[in-house]
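> Sequence below, structure please.
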Amino acid sequence: MNQTTKVVSQSPWGKHETFHEYIVARGDELSQSLAMLMTESFRPDAAKSLRLYSASEAADFIGTSVPNLRKVLSEAEIKGFDGQPVDVFQDARGHRWYTAEQIDAVRMYFQAEARSPDKFLPGRRTRDDHLQVLTFMNFKGGSGKTTSAIHAAQGFALRGYRVLAIDLDPQATLTMHFGVRPEIDYAQGGTIYDALRYEKPVPISQVIKTETYFHNLDYVPSGIMLTEYETESALYLRETGYMPFYMRMGNALREIEDQYDIVVIDCPPQIGFLTLTALNTTTGIITTIQPSMYDVASMAQFLALMGNLVNAISEQGVEPPLDFMRYLITRYDNTDNNQQDITRFLRHQFGREVLKTEVLDSTLVTRAASEQRTIYEIEPRDQNRGTFKRAWSAFNAVQDELENMVQAAWKRGPIRGDL
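Below you'll find the predicted structure:
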């Protein structure tokens, strides 16, 4: 008697019958696990805060010397933004430590008392000083784009500029630096997508987050809904033959441009409608590049594609309001001969368009980024002194170059110095 064995086919997706069910379930599981991890790492009622800065750090941010800073604090009564006298924390060794707000209050005092008040006013002074929009972009992920963008935004804020950071990447990594979870905190909206969308856009002022832990730094968050902008722009272009996307960011920023000195935009690692939307309001492009042959080849494709797309927009009579374009070498290992060769090649190829400072590859910075922190946020006393100093010096040197370019765009020279 023949017996037939029934073969039961098993889904390749385990307990899920379809790939759709599998991928949705995996996303839900990961989100729940991440929520538990975040709860274990941070109290539910905890908020991100900023560390205190030493006298030498404070003096450098203000643009003065440590002796001059000490002299002013000992002789003058400086009031903070709350109207109360600045009460600087002094540790057991007599070292003074400053909050970012106190640094800015002392800067305002220096500005008021200086023979040349503008010396300590780094931001816009007249309407001729146009809003600076610095856009960080690259065709390839992993180039240090977001890390560079958030450091630039924080660096400008600490130096006394009014800064708005805009996250234009649907992955929302820059948004997470502000201590939020986009898929939870902005699941119902409140992101840059709301201000850029084609149907019933809201004023950008409604999605700017001003209550942040970082003095002088506001931000506009991103989220997964921002991916819809790419589809909507393509459909609009196909249906109308018109390219309105290149005006949307500029129109949005026009509402609030008098409130800020600098806007920092973190673009997605691709050339699409989001990047082109940012490009056409950009005054400064910073392209991050890791010194490897693969990254250089990718950047060649990036530049060729961007050139073609910009040309198409130019035919509509629109040109980006660019003051400068620079290349920033990131994740640089100065002990790697191959990276040294490629860096020399890039400097030969692009000359002064490559920033003088390379951002060193640092486990310290990588570890800080995994915790949504920067070199300006981590506590130096908890780090290896030499490692911290190298990373701190590199990011500050990059910041010096960026600041000089902004000042040059406003037809000024360096404004650092003592009273």
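
> and F350, how many neighbours does it have?
14 (other C-beta atoms under 10 Å). C-beta: built from backbone N, CA, C; applies to glycine.

> That one is in what secondary structure piece?
Per DSSP states H and E: F350 is located in helix 337-350.

> Tell me which residues of whichever helix or strand comes after that helix come out buried.
Downstream of helix 337-350, the first helix or strand assigned by DSSP H and E is helix 363-370. The neighbour-count check on helix 363-370 (16 or more other C-beta atoms under 10 Å) flags 364-365, 368-369 as buried.

> ok, now stretch 250-268?
Applying 16+ other C-beta under 10 Å to stretch 250-268 flags 250, 252-253, 256-257, 260-268 as buried.

> what about it, start to end distance?
18 Å (C-alpha to C-alpha, to the nearest Å).

> in the protein, what spans have low per-residue confidence?
1-14, 16-24, 26-46, 117, 241, 243, 414-419 (pLDDT under 70).

> can you list the domain ranges for it.
53-120, 132-409 (automatic domain parsing).

> With A25 as the reference, name the closest of these.
The closest of the domains of the chain to A25 is domain 132-409. By C-beta to C-beta, the value is 15.7 Å.

> Can you give the distance from the closest one to the centre of its chain?
Counting by C-alpha atoms, centre = their mean, to the nearest Å, domain 132-409 is centred 5 Å from the centre of its parent chain.

> about what we covered before: what packs against the helix holding F350?
Contact partners of helix 337-350 among helices and strands, from 3 or more C-beta pairs under 8 Å, 6 or more residues apart in numbering; DSSP states H and E: helix 293-314, strand 324-329.

> As CSV, these with distance to F245 would be great.
Listed next are the helices and strands packed on helix 337-350 as CSV, based on distance: least, C-beta to C-beta, whole Å:
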stretch, distance to F245
helix 293-314, 9
strand 324-329, 21
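
> Can you tell me which of the ones you listed is nearest to Y213?
Nearest to Y213, of the helices and strands packed on helix 337-350 and by C-beta to C-beta, is strand 324-329 at 26.0 Å.

> orientation of that closest one relative to helix 293-314 in degrees?
Strand 324-329 runs at 160 degrees relative to helix 293-314, counting by axes from the mean of the first three to the mean of the last three C-alpha atoms, to 10 degrees.

> thinking again about what came up before, and of the buried residues of stretch 250-268, the nearest to E353?
C267 (18.6 Å).

> quick one, what contacts Q102?
58, 80, 86, 88 (C-beta atoms under 8 Å, 6 or more residues apart in numbering).

> now, among those residues, which is nearest to G190?
Using C-beta to C-beta, those come closest to G190 at G80, 30.3 Å.

> circling back to that earlier point, deepest in the core, which of the domains of the chain is it.
Stretch with highest mean neighbour count among these: domain 132-409 (a mean of 18; mean count of other C-beta atoms under 10 Å).

> Do me a favour and get the end-to-end distance for it?
Across domain 132-409, first to last residue, C-alpha to C-alpha, it's 8 Å.

> ditto for stretch 83-102
Across stretch 83-102, the terminal residues are separated by 12 Å (C-alpha to C-alpha).

> Stretch 378-390 now?
End-to-end for stretch 378-390, by C-alpha to C-alpha: 14 Å.

> Run through who's touching that stretch.
Taking contacts as C-beta under 8 Å, 6+ apart, the residues outside stretch 378-390 that touch it are 51, 360, 362-364, 368, 375, 392.

> And for stretch 238-249?
196, 198, 201, 233, 236-237, 273, 276-281, 313, 316, 318.

> Stretch 271-278 now?
133, 135, 137, 139, 166, 168-169, 196, 226, 229-230, 233-234, 245-246, 248-249, 265, 267-268, 302, 305-306, 309-310, 313.

> okay, that stretch in PDB with CA atoms only?
Extracted in PDB, the C-alpha atoms of stretch 271-278 (Å, rounded to 0.1, in the frame of the first residue of the first chain):
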ATOM      1  CA  ILE A 271      21.200  63.600  -5.300                       C
ATOM      2  CA  GLY A 272      17.400  64.000  -5.400                       C
ATOM      3  CA  PHE A 273      14.700  66.600  -5.000                       C
ATOM      4  CA  LEU A 274      15.600  67.100  -1.300                       C
ATOM      5  CA  THR A 275      19.200  67.900  -2.100                       C
ATOM      6  CA  LEU A 276      18.300  70.100  -5.000                       C
ATOM      7  CA  THR A 277      15.700  71.900  -2.900                       C
ATOM      8  CA  ALA A 278      18.500  72.800  -0.400                       C
END
